[in-house]
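Asks: sequence plus predicted model, see below.
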Amino acid sequence: MTVHYDVDRAVVTVTIDRPAARNAVDSATAADLAVCFKRFDKDKELSVAILTGAGGNFCAGYDLKEIAAGRNRRRLISAPSSRRGDGPMGPTRMQLSKPVIAAIEGYAVAGGLELALWCDLRVAGRTATFGVFNRRFGVPLIDGGTIRLPRLVGQGRALDLILTGRPVPAVEAFQIGLVERLVPAGEALAEAQGLARSLTEFPQRAMRADRKSAFGQWSLGLSEAINTEYRGGVRVIASGESQEGARKFASGKGRHGES
């Protein structure tokens, strides 16, 4: 098995386990990752997923040895519409209904960077390294990197990474907004797990509606985006979740930022 799926109450940790290849993803691993995240999205008992890598690295991208051998070329060049949400790296064309957190140590480069960008939040150890290392080998970004990176850090910073392929240390990644949380080396997974557990404690309908609106607004005009946000929010209110939360507030719970 090159991908592990470990459930702890409402949180699942998905781990890429090819340490000899710095967790580079081959076609079998990509397929397993896609299956894992489809399973997560369908499981009503799970609220948050964590994506990480075994052996001190997150992911060094797609396994170039497979490309060099000409294997699975069809998977790489298939049009997005024919993949049912799967990307060359696995889940990168999926639009999940629940959040995913990346726990990053070591290298998160090339397609590995694209996997991290696909996640909602990124937690990195201080010795982690990011970068579009595939620039060196004539391999383009085809798992959403040229789209998600500019949206996350801005066009200029994104082009600095995309055009140069330079290594980006974790501290700089945090400073430019590529990473949301920076922790001591070796503690990214523990921090991500704590963050995931905290997200499971919130009322889930409202959190998912707000998340869906935040992702969906990019392609919409202002009026349409506001109307879409409203429709999603009204469905949450109609479900009774908001009234239950209001009763909690009225009883004195959850005030001043407390859970």
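Replies: Arrived safely, thanks for sending. Just so you know, these numbers come straight off a predicted model, no measurement behind them.

Asks: next helix or strand past the longest helix anywhere in the chain?
Replies: Longest helix of the chain, by residue count under DSSP state H: helix 222-239. Toward the C-terminal end, the helix or strand that comes next after helix 222-239 (DSSP states H and E) is helix 241-250.

Asks: so which residues of the stretch 151-259 of the chain form strands?
Replies: Secondary structure of the stretch 151-259 of the chain by DSSP state E, counting those that start in this stretch: the strands cover 168-169, 181-183.

Asks: quick one: closest of the ones you listed to G252.
Replies: Proximity of those to G252 was assessed by Cβ to Cβ; the nearest stretch is strand 181-183, lying at 30.5 Å. The way it works is simple: take the backbone N, C-alpha and C, and place the C-beta from them, glycine included.

Asks: show me what stretch 190-202 is in contact with.
Replies: For stretch 190-202, contacts defined as Cβ atoms under 8 Å, 6 or more residues apart in numbering pick out 8-11, 13, 47-50, 52, 99, 101-103, 121, 123, 181, 183, 207, 259.

Asks: in helices, which of these fall?
Replies: Among the contacts of stretch 190-202, DSSP H puts M207 in helices.

Asks: how close does D143 get to G252?
Replies: Going from D143 to G252 by Cβ to Cβ, to the nearest Å gives 47 Å.

Asks: the more surrounded of those two?
Replies: D143 (27 against 7; other Cβ atoms under 10 Å).

Asks: surely that one meets G112?
Replies: No: if you go by Cβ atoms under 8 Å, D143 and G112 don't touch, sitting 9.8 Å apart.

Asks: averaged pLDDT, the longest helix of the chain. What do you get?
Replies: Taken as a whole, helix 222-239 has an average pLDDT of 92.

Asks: now do that helix: which elements does it pack against?
Replies: Packing partners of helix 222-239 (3 or more Cβ pairs under 8 Å, 6 or more residues apart in numbering; DSSP states H and E): helix 204-216.

Asks: any idea how far the helix it packs on is from the middle of the chain?
Replies: Centroid separation for helix 204-216 versus its chain: 15 Å, with Cα atoms, centre = their mean, to the nearest Å.

Asks: what do you get for stretch 242-252?
Replies: 32 Å.

Asks: now do that stretch, average pLDDT.
Replies: 76.

Asks: same question for stretch 65-78.
Replies: 69.

Asks: with stretch 10-25 instead?
Replies: Averaging pLDDT along stretch 10-25 yields 97.

Asks: okay, buried residues for that stretch please.
Replies: 10-16, 18, 21-25 (16 or more other Cβ atoms under 10 Å).

Asks: repeat that for stretch 209-226.
Replies: For stretch 209-226, the neighbour count (16+ other Cβ under 10 Å) marks 209, 211-213, 225 as buried.

Asks: how far does it stretch from one end to the other?
Replies: 13 Å (Cα to Cα, to the nearest Å).

Asks: and for stretch 209-229?
Replies: 8 Å.

Asks: quick check: closest non-adjacent residue to the residue nearest the centre of the chain.
Replies: Closest to where the C-alpha atoms of the chain average out (Cα atoms, centre = their mean) is C119, at 0.9 Å. Of all residues not flanking C119 in the chain, A102 sits nearest, at 4.0 Å (Cβ to Cβ, 6 or more residues apart in numbering).

Asks: any idea how far L51 is from the one you found?
Replies: 5 Å.

Asks: joint contacts of the two?
Replies: 115-116, 119.

Asks: in JSON lines, list the buried residues of stretch 10-25 along with distance to A190.
Replies: Shown next, in JSON lines, are those (distance: Cβ to Cβ, whole Å):
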{"residue": "A10", "distance to A190": "17"}
{"residue": "V11", "distance to A190": "12"}
{"residue": "V12", "distance to A190": "16"}
{"residue": "T13", "distance to A190": "11"}
{"residue": "V14", "distance to A190": "16"}
{"residue": "T15", "distance to A190": "14"}
{"residue": "I16", "distance to A190": "18"}
{"residue": "R18", "distance to A190": "22"}
{"residue": "A21", "distance to A190": "25"}
{"residue": "R22", "distance to A190": "21"}
{"residue": "N23", "distance to A190": "19"}
{"residue": "A24", "distance to A190": "25"}
{"residue": "V25", "distance to A190": "24"}
